[in-house]
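Student: Quick one, fold the following:
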Amino acid sequence: MTTTSRTTSIPFTSEGEDPYIWLEDVESEKSLSFAKESNEKCLAALGDPTTSSTGTYSKVLSVLESDDRIAYVAKYGTNADGEVMVYNLWKDSNNPKGLWRKTTFESYKSDQPEWETVLNIDELAEKDGISWVYKGNSKLSRSIDPLSTSLGGKSNIVTRTLLSLSRGGADATYIKEFDLIRQEFVSQDEHGFTLPEAKTRASYKSRDVLYVGSDFGEGSMTDSGYPRVIKEWVRGTSIEDAPTVFEGEKTDVSVSAYINDQRSRNGPIYEIRSRSITFYTSKRWVRRILFEHLLAPDDPQRKGVEDPEDFQALDIQDDASVSMIGKRMIITLRSDWEPIQGGKVYKNGSLLHVEADLFLTKGKEACDYTVLFEPTERTAYDGFSCTKNYLILSTLDNVKSKLTFYKIHDDGFTFVGGDSKAQIRACSAGSIDSTENDDIFLYSSGYTEPSSLSLGDASKVELTDTPDTIVEGTALSDKNYHLEDLKSLPAMYDATNLVVSQKFAISNDGTQIPYFIIHHKDISLDGNNPTLLYGYGGFEISLGPKYIATVGVAWLERGGVYVEANIRGGGEFGPAWHQAGLKSKRHKCYEDFIAVGEDLVENNICKPATLAARGGSNGGLLMGMMYVSRPDLFGAIHCAVPLLDMKRFHNLLAGASWMAEYGNPDSSDWDEFLHKYSPYHLIDESNAKYPPMLVTTSTRDDRVHPGHARKMVKKLWDLGEDKDWPVYYYENIEGGHGGAADAKQSAFMTALAYDFMFNTLTNNKSV
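Tutor: Predicted coordinates:
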């Protein structure tokens with residue numbers, strides 16, 4: 001496999017010498033004029049997707065706004081009649097910003113649920129004159145809200161929540177407290193909690209007390225643009241007067257504070273504070289508290305109650321993560337750990353559990369550790385969720401998913417069953433109400449298998465004498481923990497003759513790189529198949545089987561081949577797979593992606609002229625590197641919301657938080673390795689030809705700065721004025737890091753990209 005770079009490094013020696021730095025001023029008149037003029041040029045060259053004869057826009061929009069989509073819900077408790085209430089945010093052609101609505105669980109299970117609107121986001125946006133995008137909510141937990149049972153009867157309902165609303169899809173949000181009983185915002189006369197636009201973290205400590213990390217003024221945010229200070233805000237007081245209870249360093253990524261109430265599992269209430277030192281390392285402090293300690297200091301219920309115990313620093317590795325489950329503490333390792341000097345060394349990627357009380361009071365050396373999961377070379381931890389009595393562990397085996405179940409006890413976890421074999425599909429389980437029962441939602445989908453939602457019961461796994469022996473390919477409905485099918489997405493595109501398989505390419509250092517490929521069963525191996533290779537390769541994020549209807553209608557139905565590469569930097573094989581592509585080793589991510597591309601060519605799936613590459617965010621950096629390092633391997637590239645200027649990424653928006661992934665440009669990292677994967681500095685002026693590339697971003701992206709895309713495109717246009725360097729640029733004025741704020745915008749951006757790639761490759765068939 002050859003990966004010879006064809007670039008010439010021409011880095012700027014100082015910020016002042018960058019002639020395109022003016023494009024970093026996001027909303028300046030000059031920058032916005034550049035964006036708008038570029039958009040016009042792009043559509044003039046590629047065509048307007050909304051009027052294109054391909055029909056891709058209307059097909060994608062139909063998928064995104066289809067009434068057949070699964071309305072995923074979350075439980076918000078029970079009403080006075082004992083009926084379980086579930087909530088959902090629904091967007092369609094009539095309400096592109098969304099209806100936040102509710103119904104009973106019994107009604108939800110029917111074919112035609114009777115929904116009641118709680119909040120109409122479209123009406124709110126029109127009333128406020130702001131293009132609101134719903135960004136979720138933080139509920140007041142019923143276990144710490146005395147009023148959750150105040151409605152009488154069998155009521156145990158969530159009464160209030162903190163709504164997060166964003167302007168145009170940005171990460172920064174406004175926080176507004178919402179009363180779920182009256183279905184209206186809590187007024188200032190009632191001392192409702194509201195916070196202005198910022199990258200805020202807020203959660204209830206009790207009904208009348210919040211933990212708040214936000215932009216309180218100079219020095220309150222980290223270099224990464226996230227909260228550095230946590231305040232404890234009591235209802236009826238000013239946020240300016242709220243005392244600071246915890247703070248980190250300006251160089252930290254962020255800080256947080258929260259409550260973990262484990263009383264339903266016979267455990268205590270934990271109060272936890274955390275400093276995220278880097279993207280992958282944190283320091284944590286924990287203490288056990290009583291309910292009364294959650295209340296405001298002057299609350300009458302606190303009278304006579306002793307002060308809580310002191311916080312204890314968790315003596316674990318900074319790159320490990322922890323979770324409190326009942327009386328146990330689960331430790332997830334990202335590097336090898338030897339808690340007792342001279343004792344056993346636990347392998348990175350493992351899950352351990354230990355008695356939480358003993359760890360907090362006596363220290364790590366006094367504890368016995370039990371391994372819940374230990375990875376192998378090709379298996380990895382993928383997450384867990386808990387019902388009241390069970391822990392459900394999700395693992396990957398060669399990027400295929402598997403669920404196993406464990407009974408939660410005061411002294412540990414007992415394996416009770418689960419899947420015997422991993423399958424090529426996405427399958428996960430989530431508790432419906434982790435404080436009351438063992439009911440679970442089961443989510444399943446595959447590349448050609450439409451998404452489905454089922455109801456399950458974790459306790460049913462124990463009804464068999466032996467572990468579940470379901471073989472590969474068996475339907476989810478045949479598993480013993482499955483109760484009933486709830487919802488399923490109909491086929492959104494014709495996959496009748498499509499086949500899915502897993503292949504492996506060999507990277508430069510001999511490592512096997514898995515990839516999934518979807519194509520027609522009677523594919524002609526003549527190199528003329530329009531093939532789309534997608535990749536990400538960063539931040540320990542795994543790619544794997546899932547139903548992406550937009551890929552189906554925009555690519556597969558047109559006869560295209562779709563490929564996802566599980567390159568290093570991702571999490572497909574645990575922390576080691578991710579760490580193999582960090583910082584100075586980042587070149588391995590790019591070599592892996594190239595190896596997959598070359599494997600497709602060698603097997604006559606496609607040829608370079610009919611091979612397109614696509615990626616966004618960190619995947620946009622990947623695309624930038626493919627563009628400058630292997631322009632001969634690709635016929636078209638879509639580079640979305642990208643990082644491209646690795647000399648200045650840490651100075652732009654949230655960029656400082658990613659130095660643990662990429663390195664520090666202000667240190668020797670730049671000269672030693674960072675300059676080698678900064679596409680903005682690696683454009684080869686002597687190169688007569690680069691493949692056609694579409695670069696897209698959003699003005700409202702406040703995570704990855706749009707300046708990356710703007711500067712790269714402007715530089716390419718200037719340097720390639722008389723060369724065969726076709727570059728197209730479209731900047732959506734709204735959308736945030738996702739690139740679009742509603743279904744119409746998303747359909748537009750999707751159609752623009754897929755039509756560009758498919759049309760370009762089709763025209764290249766004779767090349």
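
Student: which residue ends up closest to the midpoint of the chain in space?
Tutor: Nearest residue to the geometric centre of the chain (Cα atoms, centre = their mean): residue 541, 8.1 Å.

Student: would it count as being in a strand?
Tutor: No - using DSSP: H, G, I helix; E, B strand; the rest coil, the secondary structure at residue 541 is coil, not a strand.

Student: Check the gap between it and residue 572 for me.
Tutor: Residue 541 sits 9 Å away from residue 572, going by Cβ to Cβ, to the nearest Å. Using the backbone N, CA and C atoms, a C-beta is placed for each residue, glycine as well.

Student: overlap in contacts of those two?
Tutor: Common contact partners of residue 541 and residue 572 (Cβ atoms under 8 Å, 6 or more residues apart in numbering): none.

Student: Spit out the contact partners of the residue nearest to the centre of the chain.
Tutor: Going by Cβ under 8 Å, 6+ apart, residue 541 touches 570-571.

Student: which non-adjacent residue is nearest residue 268?
Tutor: Leaving aside its chain neighbours, residue 268 sits nearest to residue 288 (4.2 Å; criterion: Cβ to Cβ, 6 or more residues apart in numbering).

Student: Give the burial count for that neighbour, as a bare number.
Tutor: Residues contacting residue 288 under the criterion other Cβ atoms under 10 Å number 19.

Student: Need phi/psi at it.
Tutor: Note on residue 288: its backbone torsions stand at phi -100, psi 140 [degrees, to the nearest 10].

Student: Tell me what it is bridged to.
Tutor: residue 270 (DSSP bridges).

Student: Could you check how far it is from residue 270?
Tutor: Distance, residue 288 to residue 270, by Cβ to Cβ: 6 Å.

Student: What of residue 384?
Tutor: In this view, residue 384 and residue 270 are 18 Å apart by Cβ to Cβ.

Student: higher neighbour count, these two?
Tutor: residue 384 (21 against 18).

Student: now the more buried one, what's its secondary structure?
Tutor: Assigned by three-state DSSP, the conformation of residue 384 is strand.

Student: Same question for the one 4 residues further on.
Tutor: The assignment at residue 388 comes out as coil when based on three-state DSSP.

Student: correct me, but it touches residue 265?
Tutor: Yes - if you go by Cβ atoms under 8 Å, residue 388 and residue 265 touch, sitting 6.8 Å apart.

Student: List the residues that contact the nearest residue to residue 584 once chain neighbours are set aside.
Tutor: Nearest non-adjacent residue to residue 584, counting by Cβ to Cβ, 6+ apart: residue 673, 4.3 Å away. Each residue near residue 673 by Cβ under 8 Å, 6+ apart is listed here: 583-584, 586-587, 663.

Student: How are the helices of the chain distributed by residue range?
Tutor: Under the criterion DSSP state H, the chain contains helices at 29-46, 56-64, 105-108, 121-128, 356-362, 549-554, 575-579, 587-602, 618-629, 659-662, 669-672, 707-719, 743-763.

Student: Would you point to the one among those that's packed deepest?
Tutor: Greatest average neighbour count among the helices of the chain goes to helix 618-629 (a mean of 27), per mean count of other Cβ atoms under 10 Å.

Student: Which elements pack onto that helix?
Tutor: When contacts are defined as 3 or more Cβ pairs under 8 Å, 6 or more residues apart in numbering; DSSP states H and E, helix 618-629 sits against helix 587-602, strand 611-616, strand 636-640, helix 707-719.

Student: Show me the strands in the stretch 451-600 of the chain, by range?
Tutor: Ranges of strands in the stretch 451-600 of the chain, per DSSP state E, counting those that start in this stretch, are 452-457, 482-488, 498-506, 512-520, 531-534, 561-565.

Student: Okay, now the sheet partners of the second one, with direction.
Tutor: Using DSSP bridges, the strands paired with strand 482-488 are strand 452-457 (antiparallel).

Student: Please enumerate residues in contact with the strand it pairs with?
Tutor: 70, 72, 109, 429, 438-445, 476-477, 479, 481-489.

Student: now stretch 583-590
Tutor: 3, 507-509, 511, 537-538, 567-569, 579-581, 622, 625-626, 629, 661-663, 669, 672-673, 676-677.

Student: what's the spacing between that stretch and its chain's center?
Tutor: On the basis of Cα atoms, centre = their mean, to the nearest Å, stretch 583-590 sits 22 Å off its chain's mean C-alpha point.

Student: Keeping just the C-alphas, turn that stretch into CSV.
Tutor: Provided in CSV are the C-alpha atoms of stretch 583-590 (Å, rounded to 0.1, in the frame of the first residue of the first chain):
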residue,chain,number,x,y,z
LYS,A,583,-1.0,13.4,18.3
SER,A,584,2.3,12.3,16.7
LYS,A,585,0.6,9.0,15.6
ARG,A,586,-2.2,10.8,13.7
HIS,A,587,-0.7,9.8,10.4
LYS,A,588,-2.0,6.3,11.1
CYS,A,589,-5.6,7.5,10.8
TYR,A,590,-4.9,8.8,7.4
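
Student: Averaged pLDDT, stretch 81-88. What do you get?
Tutor: Computed over stretch 81-88, the mean pLDDT rounds to 97.

Student: What's the end-to-end length of stretch 668-688?
Tutor: Length of stretch 668-688, first residue to last, Cα to Cα, to the nearest Å: 33 Å.

Student: picking up where we left off before, what's the farthest-apart pair in the contacts of residue 673?
Tutor: Within the contacts of residue 673, 587 and 663 form the most distant pair, 12.4 Å apart (Cβ to Cβ).

Student: quick one: furthest residue from the center of the chain?
Tutor: Most distant residue from the mean C-alpha position of the chain: residue 304, 44.9 Å away (Cα atoms, centre = their mean).

Student: sorry, back to before: as JSON lines, the strands of the stretch 451-600 of the chain with distance to residue 744, mean neighbour count and mean pLDDT would be great.
Tutor: Listed next are the strands of the stretch 451-600 of the chain as JSON lines, based on distance: least, Cβ to Cβ, whole Å; neighbours: other Cβ atoms under 10 Å; pLDDT from 0 to 100:
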{"stretch": "strand 452-457", "distance to residue 744": "26", "mean neighbour count": "20", "mean pLDDT": "96"}
{"stretch": "strand 482-488", "distance to residue 744": "25", "mean neighbour count": "16", "mean pLDDT": "95"}
{"stretch": "strand 498-506", "distance to residue 744": "28", "mean neighbour count": "16", "mean pLDDT": "97"}
{"stretch": "strand 512-520", "distance to residue 744": "27", "mean neighbour count": "21", "mean pLDDT": "98"}
{"stretch": "strand 531-534", "distance to residue 744": "23", "mean neighbour count": "25", "mean pLDDT": "98"}
{"stretch": "strand 561-565", "distance to residue 744": "24", "mean neighbour count": "24", "mean pLDDT": "98"}
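
Student: closest one to residue 685 among those strands?
Tutor: Among these, if distance is taken as Cβ to Cβ, the winner is strand 531-534, at 27.2 Å.

Student: which residues of this structure score low on pLDDT?
Tutor: 1-16, 463-478, 734-741, 766-767 (pLDDT under 70).

Student: what's stretch 237-252 in contact with?
Tutor: Against stretch 237-252 from outside (Cβ under 8 Å, 6+ apart): 195, 211-212, 216, 219, 222-224, 228-234, 254-255, 257, 273, 275-277, 656.

Student: rewinding a little: distance to residue 115 for the strands of the stretch 451-600 of the chain - can I get that in TSV?
Tutor: Formatted as TSV, the strands of the stretch 451-600 of the chain follow (distance: least, Cβ to Cβ, whole Å):
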stretch	distance to residue 115
strand 452-457	17
strand 482-488	14
strand 498-506	35
strand 512-520	35
strand 531-534	35
strand 561-565	35
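
Student: Out of the ones you listed, the one nearest residue 300 is which?
Tutor: Checking the strands of the stretch 451-600 of the chain against residue 300 by Cβ to Cβ gives strand 452-457 as the closest, at 42.3 Å.
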